[in-house]
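**Q** Everything below, folded, please.
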Amino acid sequence: MDRRRFLAGLAAATLSAGCSSNASDTDGTPTSDGSTETPGDTTVSGTTSSGSTAPVPDAVGLETLASGLANPLDIAFVQGSDRQYVAEQPGRVRVVGPDGLREQPLLDLTDTVVTGFEQGLLGIALHPNFAENRRLFVRYSAPRREGTSADYSHTFVLSEFSVSADGMTVDRDSERVVLEIDQPQANHNAGSVLFGPDGYLYVGTGDGGAAGDSGFGHAGDWYDGADGGNGQDVTENLLGSILRIDVDGRDGDRGYAIPDANPLVGRDGLDEQYAWGFRNPWRLAFDGETLFAGDVGQNRYEEVDVVEKGGNYGWNVREATHCFGTDDCPSSTPGDVRGGEPLLPPVIEYPHEGQPVSGISVITGNVYRGDAIPGLRGQFVFGDFRAQGRLFVATPAESGLWSTAVLSVADGDAGKLSQILSFGRQNGELYVLGNGGGGGGVHRLVPAA
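**A** Numbers count the residues shown, from 1 in each chain. You can find the predicted model right below:
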């Protein structure tokens, strides 16, 4: 059912960032929050006005809210409070408040979560009505479930937990498994879970791992230019996609319902699918109704996509705007494959080598809507796992690729961020999570000193 909800409101080595073309390919795919400002159903692939005449700054500062974390991969802002919940890759959800990091975890799943490679506790989200219902959703890697082939690496689990009234503890026995997906390889797990302005939960899934979206666990598809294709297949599994589900309902034996407006409802394909053609959409973010996905590339290009309902983003036919593995490739599927849908281009792409904006694993940020740094207002701020003390900024455009530039971190703060892992946004202000001289930390973007 399509019920609109108008809302009131491990170690760093496990994130090794090399993207190779062999079967042991792995990414540094280390998040942004799902700000839900404007209700609606479909996303918008338009531009955002800056609303500011101040020049874009050359550098920003970092105000540290917490340090000493273990690979902080996601952040959720607790409604009506000054607390944040931070997901650590080894399996803990930590509480950050005005006095910094609380020693006692909110939730400890370290005895359950599989870590190493790109596995772990990868994403968290609070229900839009969290203040009333205390529902917390977590996305983690678990051992293979009973009945899963021994050839598979692990099982993706999306679960719901109940948080105490004071927001400081979770009842482990309250776990309700919402969704499980068997993962053939240990990498390309994506990780984001976030609520959209429509009240539904959006879930990013990678193509299953290895390299080239081919081999064991990778379905065949319509394209002969590259083997395999979970990204292009929408019938065999839920990999290589962004899913949209209704966690407030149930359909049959599913732990969720399917929104009636999902693009493949009543058509050939799995009803959970919202958009597809992704390799590893590590982080997702909403800016109003606009959904951003940063899709980690293989060995040449990184990309950020503005996601449309029913959109096909090209993997493994294309890597960003470029043909993958061939000199020539189509710009759409054949007419007998979902009516000849276009392979949609990204709004941002950058190479692995060369120009100042380069890297190996894109980390999606969001549009800056805050007041602290007027020159950033309306600009899309993001990063790369290999950025080493730099951020990037892109200016939205009506069409084509958005112009991008380096956004330096001020000298006194650059050492805080040798590895960017994730982003979050609250009240328009941007937060960046990563590893640096003080270990894993949560930092708010502020003007450069």
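**Q** where does Trp222 land in three-state SS?
**A** At Trp222 the chain is in coil, as set by DSSP: H, G, I helix; E, B strand; the rest coil.
**Q** what's it in contact with, if anything?
**A** Gly229, Gln232, Thr333, Pro334, Val337 (Cβ atoms under 8 Å, 6 or more residues apart in numbering). All C-beta atoms are positioned from the backbone trio N, CA, C, and that covers glycine.
**Q** what does the model give the third one for pLDDT?
**A** What that stands for is Thr333. As predicted, Thr333 sits at a pLDDT of 97.
**Q** That one contacts Leu344, correct?
**A** No. When contacts are counted by Cβ atoms under 8 Å, Thr333 is not listed as touching Leu344 (11.5 Å).
**Q** Overlap in contacts, the two.
**A** Going by Cβ under 8 Å, 6+ apart, residues that sit against Thr333 and also against Leu344 are Asn312.
**Q** does Asn366 have beta-bridge partners, and which?
**A** Beta-bridge partners for Asn366, by DSSP bridges, are Val381.
**Q** Quick check: it vs Ile75, distance?
**A** 12 Å (Cβ to Cβ, to the nearest Å).
**Q** go on, Pro259?
**A** 26 Å.
**Q** do Leu401 as well
**A** The value you get for Leu401 to Ile75, if Cβ to Cβ is used, is 28 Å.
**Q** Could you do Leu106 as well?
**A** Leu106 is 12 Å from Ile75, by Cβ to Cβ.
**Q** Sketch out the strands for the stretch 201-350 of the chain, chain order is fine.
**A** Taking DSSP state E, counting those that start in this stretch as the test, the strands found in the stretch 201-350 of the chain are 201-205, 241-245, 273-276, 281-287, 290-295, 301-307, 318-319, 322-323, 348-351.
**Q** So what are the sheet partners of the first one and their directions?
**A** It refers to strand 201-205. Strand 201-205 has these strand partners (DSSP bridges): strand 193-195 (antiparallel), strand 241-245 (antiparallel).
**Q** More neighbours: Pro259 and Ile75, which one.
**A** More crowded of Pro259 and Ile75, by other Cβ atoms under 10 Å: Ile75, with 26 against 23.
**Q** pretty sure the more buried one is touching Tyr85, no?
**A** Yes. Ile75 lies in contact with Tyr85 (Cβ under 8 Å); the separation is 7.0 Å.
**Q** you'd agree Gly415 is in a strand?
**A** No. Secondary structure of Gly415 (three-state DSSP): helix, not part of a strand.
**Q** any idea how far the closest residue to Asp251 other than its chain neighbours lies from Asn237?
**A** Excluding the flanking residues, the one nearest Asp251 by Cβ to Cβ, 6 or more residues apart in numbering is Ala257, at 4.7 Å. Note on Ala257: its distance to Asn237, by Cβ to Cβ, is 20 Å.
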